[in-house]
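> Okay, structure incoming, though there's no sequence with it:
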C-alpha cells in the first residue's frame with residue numbers, strides 16, 4: 001500500500017513520531033495530530049501536515065479528521081511520559097472513542113491501533129491472540145489497565161476494517177526502558193527485582209515498523225513482540241547492566257510468577273504476515 005491519505009493520532013509519541021517518519025518516507029499523504037502547537041513545525045519538517053487538537057475534544061477531533069479526508073486512521077495515542085497509568089487509561093477509553101466516532105463521521109473504513117500484549121488472562125505459556133483479555137481476574141491498577149485496553153480494542157473494531165497491534169513492553173530510545181527512562185531510574189534505586197514474572201519486549205523501532213506494514217493486513221489482532229519472552233530473573237540483570245545500574249535484588253524466596261505475567265507469542269504476525277523484528281531478542285536490543 002502506497003500513496004495513501006493517513007491521519008495519525010498521537011504523532012509525537014515515542015512510537016508515533018517514528019511512524020510519521022516511516023510513512024512519509026514511503027510516500028504517503030499524512031495529517032499528524034498533536035495537542036502541542038510547539039510540535040507542529042517538527043511534524044511539518046518530518047513530512048506531515050500538522051493539526052493541533054486535544055483528543056478529549058470530540059468536536060475538534062471530528063473536524064480534524066473530516067478536514068484530512070483520510071483513507072486510514074493510525075492510532076498511536078498514549079499518555080505515559082509521567083508514568084501516569086490512569087491518564088493513559090483515560091486516553092485509551094475516551095480518546096479512542098472520539099477518534100473512532102470522528103472516523104465514522106468522515107467515512108473512514110480502516111484503523112490501525114496500538115494496544116498491549118500483557119493484558120491477557122492467566123496461563124502457563126506465552127499468550128496467543130486467541131487468549132481472552134484478563135477482564136475477569138485482574139484487580140487493582142491492572143484492572144484499570146485491562147478494562148481500558150478492552151475498551152480501546154472493542155471501539156476500534158467498530159470500523160469495518162481494523163488492525164489491533166498488541167505491543168510487547170517497549171524499550172529503546174525515548175521509552176521507560178532506556179538509560180534515561182523511568183525503569184532505569186527504578187533499577188538504579190534498587191526497585192526492579194529479578195522476579196519470575198515473564199515479559200515480552202519489542203524495540204520501539206520494530207513497533208513503528210509494524211504499524212507501517214500493517215496498513216494492508218487483514219482485519220484482526222496481532223502480537224507485536226520479539227521472539228524471546230523471558231522471566232525477570234533473566235532480563236532484569238541484563239537491563240541493569242545496560243543502563244549502568246547495580247545488579248538487581250533477588251525477590252523474596254519462592255516468590256511465584258504472577259499468573260498473568262506469561263509473555264506473548266508473535267507467531268501470527270511473524271509467520272502469517274511476514275513481520276520480522278530487527279531486534280529478535282532483548283539480549284542484543286538492550
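Yep, that arrived. Computed from a predicted structure; not experimentally measured.
> Buried residues of the helix or strand bottoming out on mean pLDDT in the chain, list them for me.
In the chain, no helix or strand scores lower on mean pLDDT, DSSP states H and E than helix 85-90, which sits at a mean of 89. The neighbour-count criterion (16 or more other Cβ atoms under 10 Å) identifies 88, 89, 90 as the buried residues of helix 85-90. No exception for glycine: its C-beta is placed from N, CA and C like everyone else's.
> if I pick the first one, what's in contact with it?
Going back to what we said before, that points to residue 88. When contacts are counted by Cβ atoms under 8 Å, 6 or more residues apart in numbering, residue 88 touches 78, 79, 80, 145, 148.
> same thing with residue 11?
In this structure, residue 11 makes contact with 17, 19, 20, 32, 33, 34, 39, 43, 48, 50, 76, judged by Cβ under 8 Å, 6+ apart.
> do residue 235 as well
Neighbouring residues of residue 235 by Cβ under 8 Å, 6+ apart: 199, 201, 282, 286.
> same thing but at 10 Å, please
For residue 235, the contact set (Cβ atoms under 10 Å, 6 or more residues apart in numbering) comprises 169, 171, 177, 194, 198-199, 201, 228-229, 281-283, 286.
> My guess is residue 151 contacts residue 97. True?
Yes. Residue 151 is within contact range of residue 97, at 7.9 Å (criterion: Cβ atoms under 10 Å).
> Count the residues that sit near the closest residue to residue 35 other than its chain neighbours.
Spatially, and ignoring its direct neighbours in sequence, residue 35 is nearest to residue 54 (5.2 Å; Cβ to Cβ, 6 or more residues apart in numbering). For residue 54, the count of nearby residues is 14 (other Cβ atoms under 10 Å).
> Just to be sure, residue 54 is in a helix?
No. Using DSSP: H, G, I helix; E, B strand; the rest coil, the assignment for residue 54 is coil, not a helix.
> what's the spacing between it and residue 38?
Relative to residue 38, residue 54 is positioned 14 Å away (criterion: Cβ to Cβ, to the nearest Å).
> same question, residue 194
If you measure residue 194 against residue 38 using Cβ to Cβ, the figure is 40 Å.
> now residue 68
For residue 68, the distance to residue 38 - Cβ to Cβ - is 21 Å.
> Same question for residue 25.
Residue 25 is 24 Å from residue 38, by Cβ to Cβ.
> Check residue 227 too.
Distance from residue 227 to residue 38, counting by Cβ to Cβ: 39 Å.
> Pick out whichever of these two has more residues nearby.
The residue with more neighbours, out of residue 227 and residue 38, is residue 227; 15 against 9, by other Cβ under 10 Å.
> which residues does that one contact?
Counting by Cβ under 10 Å, 6+ apart, the residues that residue 227 touches are 200, 265, 266, 267, 270, 276, 277, 279, 280, 281, 282.
> cool, and residue 84?
Residues near residue 84 by Cβ under 10 Å, 6+ apart: residue 90.
> in the chain, what residue sits furthest out from the centroid?
Residue farthest from the centre of the chain, counting by Cα atoms, centre = their mean, is residue 253 at 33.2 Å.
> just checking, what packs against the longest helix seen in the chain?
Identified as the longest helix of the chain according to DSSP state H is helix 140-156. Helix 140-156 is packed against strand 72-75, helix 85-90, helix 96-105, strand 110-116, strand 161-167, with contacts defined by 3 or more Cβ pairs under 10 Å, 6 or more residues apart in numbering; DSSP states H and E.
> Out of the ones you listed, which is the most enclosed?
Among the helices and strands packed on helix 140-156, ranked by average contacts under mean count of other Cβ atoms under 10 Å, first place goes to strand 72-75 (a mean of 28).
> wouldn't the residue nearest to residue 35 be in contact with residue 77 here?
No. Counting by Cβ under 10 Å, residue 54 does not reach residue 77; the two are 11.3 Å apart.
> so what's in contact with the two at the same time?
Here residue 54 and residue 77 share the contacting residues 33, 35, 95, 98, scored by Cβ under 10 Å, 6+ apart.
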